[in-house]
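*Asks:* just coords:
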């Protein structure tokens, strides 16, 4: 086969693939196949962890077309939130379309019996997980969210001779189960990496990190350098409150659902994100269903809001209008004139507005139905001294305020 040259991949020839490995990754695969059994990379944003494991997985399947692999998360409500799209993009970028068939729910080797499947550990029981016993590789993404139960189920299940379990994650707390799993683990190779060690990190990403460093050094250390998240003086939300809200597997029948938006009126690289949070209420409990926040033009975020309204069969769109005024409603109604819409205007400080919502978390009345790490980081890092606007947090506060008002819960005045 004729070798091809790509920006970060050296050659594909004779059933083997080679590419430019970042220096930080070399200790992970210095041994023989299956030794060490556990290979892990943790660290900050844009360090290249997911890209590295995706490429290594494809390389393994080309070298052994009968390889069976599973990509695992703690909770996976749809393939949209799995690594499937990343792998599919790599197959195209690396010119590997003749090796793989990307199907609706899996990726299949065209050269053998190999497959890659995508699942959530919370969907497994001690009986159902036995179906994975013949797999060669398990790649645990967002491993900071793995529960002790999930690790205890998975570890003895992936037991085929020479099998491996890979982990990639952004550190959150030193007490997270995955952190404890790697303490004094002599069968493991673990590296800590950040964007400064990623040779493929773009200048735009480096500039973004520099801005984050100037705005909030503690958050920068956590998000970009991969330090553990620390409770911050003045923050309303503490780690135990977030932990108690995480991991809700079942979504009950909702009596009311809203889509709340904290809009950004510009869409430049330096603009705030537009916070978009979908939340629901069932009895006296509240559920965070989705975080669709993004940095985009008004037309793009308005479409995302309207699509979320219809997708979740919501009852109302709630939008803060302090910055955008009538423009917010106008751009939403340009997309769909029929959606129920409530404008809200903040007349009090963010901390005062957020206190009743933090109280709902303290009372154990809020559950997070998914992985919302960026939202949770804002919740635990925002203080009265913070410079950057907490767009996701603002949208969450407006959503739960609206839902609380409709239940007779005590809330603050908003205008």
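*Replies:* All right, it came through fine. Just so we're clear, the structure is a prediction, and the values are computed from it rather than from any experiment.
*Asks:* now the strands for the stretch 251-400 of the chain?
*Replies:* Counting by DSSP state E, counting those that start in this stretch, the stretch 251-400 of the chain has strands at residues 256-262, 275-282, 285-291, 316-320, 341-344, 366-368.
*Asks:* Helix or strand, whichever it is, which one in this structure has the lowest mean pLDDT?
*Replies:* strand 11-13 (a mean of 45; mean pLDDT, DSSP states H and E).
*Asks:* what residue ranges in the stretch 151-300 of the chain score low on pLDDT?
*Replies:* Applying pLDDT under 70 to the stretch 151-300 of the chain flags the ranges 249, 265-271.
*Asks:* so where do the helices sit in it?
*Replies:* Along the stretch 151-300 of the chain, counting by DSSP state H, counting those that start in this stretch, helices occupy 177-181, 203-215, 217-223, 239-245, 298-311.
*Asks:* Output the ones you listed in JSON lines; the columns should cover mean neighbour count and distance to residue 399.
*Replies:* C-beta: built from backbone N, CA, C; applies to glycine. Formatted as JSON lines, these follow (neighbours: other C-beta atoms under 10 Å; distance: least, C-beta to C-beta, whole Å):
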{"stretch": "helix 177-181", "mean neighbour count": "18", "distance to residue 399": "30"}
{"stretch": "helix 203-215", "mean neighbour count": "14", "distance to residue 399": "25"}
{"stretch": "helix 217-223", "mean neighbour count": "18", "distance to residue 399": "23"}
{"stretch": "helix 239-245", "mean neighbour count": "17", "distance to residue 399": "14"}
{"stretch": "helix 298-311", "mean neighbour count": "19", "distance to residue 399": "11"}
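*Asks:* Determine which of the ones you listed approaches residue 378 most closely.
*Replies:* Taking C-beta to C-beta, helix 217-223 is the member of the helices of the stretch 151-300 of the chain nearest to residue 378, at 8.7 Å.
*Asks:* for the closest one, packing partners?
*Replies:* Packing partners of helix 217-223 (3 or more C-beta pairs under 8 Å, 6 or more residues apart in numbering; DSSP states H and E): helix 203-215, helix 373-381.
*Asks:* would you list those helices in TSV and tack on distance to residue 301?
*Replies:* Putting those into TSV (distance: least, C-beta to C-beta, whole Å) gives the following:
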stretch	distance to residue 301
helix 203-215	19
helix 373-381	16
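*Asks:* out of those, nearest to residue 394?
*Replies:* Of all the helices and strands packed on helix 217-223, helix 373-381 comes closest under C-beta to C-beta, at 8.9 Å.
*Asks:* Which of the residues in the closest one are classified as buried?
*Replies:* 373, 375, 376, 377, 378, 379, 380, 381 (16 or more other C-beta atoms under 10 Å).
*Asks:* Please report the distance of the first one from residue 380.
*Replies:* In this structure, residue 373 and residue 380 are 11 Å apart, going by C-beta to C-beta, to the nearest Å.
*Asks:* intersection of neighbour lists for those two?
*Replies:* The overlap between the contact sets of residue 373 and residue 380 (C-beta atoms under 8 Å, 6 or more residues apart in numbering) is empty.
*Asks:* in its sheet, what does whichever strand or helix holds residue 116 sit against?
*Replies:* Using DSSP states H and E, the element containing residue 116 is strand 115-120. With DSSP bridges as the test, strand 115-120 is paired with strand 68-73 (parallel), strand 106-109 (antiparallel).
*Asks:* ranking those by burial, who's on top?
*Replies:* strand 68-73 (a mean of 24; mean count of other C-beta atoms under 10 Å).
*Asks:* Following it in sequence, what is the next regular element?
*Replies:* helix 84-93.
*Asks:* which strands and helices sit next to that next one?
*Replies:* With contacts taken as 3+ C-beta pairs under 8 Å, 6+ apart, helix 84-93 sits against helix 49-63, strand 100-102, strand 106-109, strand 115-120.
*Asks:* residues making contact with the second one?
*Replies:* Where contact means C-beta under 8 Å, 6+ apart, the residues beyond strand 100-102 that reach it are 58, 61, 84, 87, 88, 91, 107, 108, 109, 110.
*Asks:* For that strand, what is the distance to the chain centroid?
*Replies:* 25 Å (C-alpha atoms, centre = their mean, to the nearest Å).
*Asks:* show me what contacts residue 374?
*Replies:* 291, 293, 392.
*Asks:* Ranking by neighbours, what's the top pick from these?
*Replies:* residue 293 (27 neighbours; other C-beta atoms under 10 Å).
*Asks:* Quick check, that one in contact with residue 264.
*Replies:* No. Using C-beta atoms under 8 Å, residue 293 is not in contact with residue 264; the gap is 9.7 Å.
*Asks:* Quickly list what's touching both of the two.
*Replies:* Joint contacts of residue 293 and residue 264 (C-beta under 8 Å, 6+ apart) are 273, 274, 391.
*Asks:* who's in contact with residue 227?
*Replies:* Residue 227 sits next to 171, 221 when contact means C-beta under 8 Å, 6+ apart.
*Asks:* switch the cut-off to 6 Å
*Replies:* Contact analysis of residue 227 by C-beta atoms under 6 Å, 6 or more residues apart in numbering lists residue 221.
*Asks:* From residue 239, how far off is it?
*Replies:* Distance from residue 227 to residue 239, by C-beta to C-beta: 14 Å.
*Asks:* residues near residue 321, how many?
*Replies:* Count around residue 321 with other C-beta under 10 Å applied: 17.
*Asks:* Kindly apply the preceding question to residue 78 instead.
*Replies:* Residue 78 - counted by other C-beta under 10 Å - has 9 other residues nearby.
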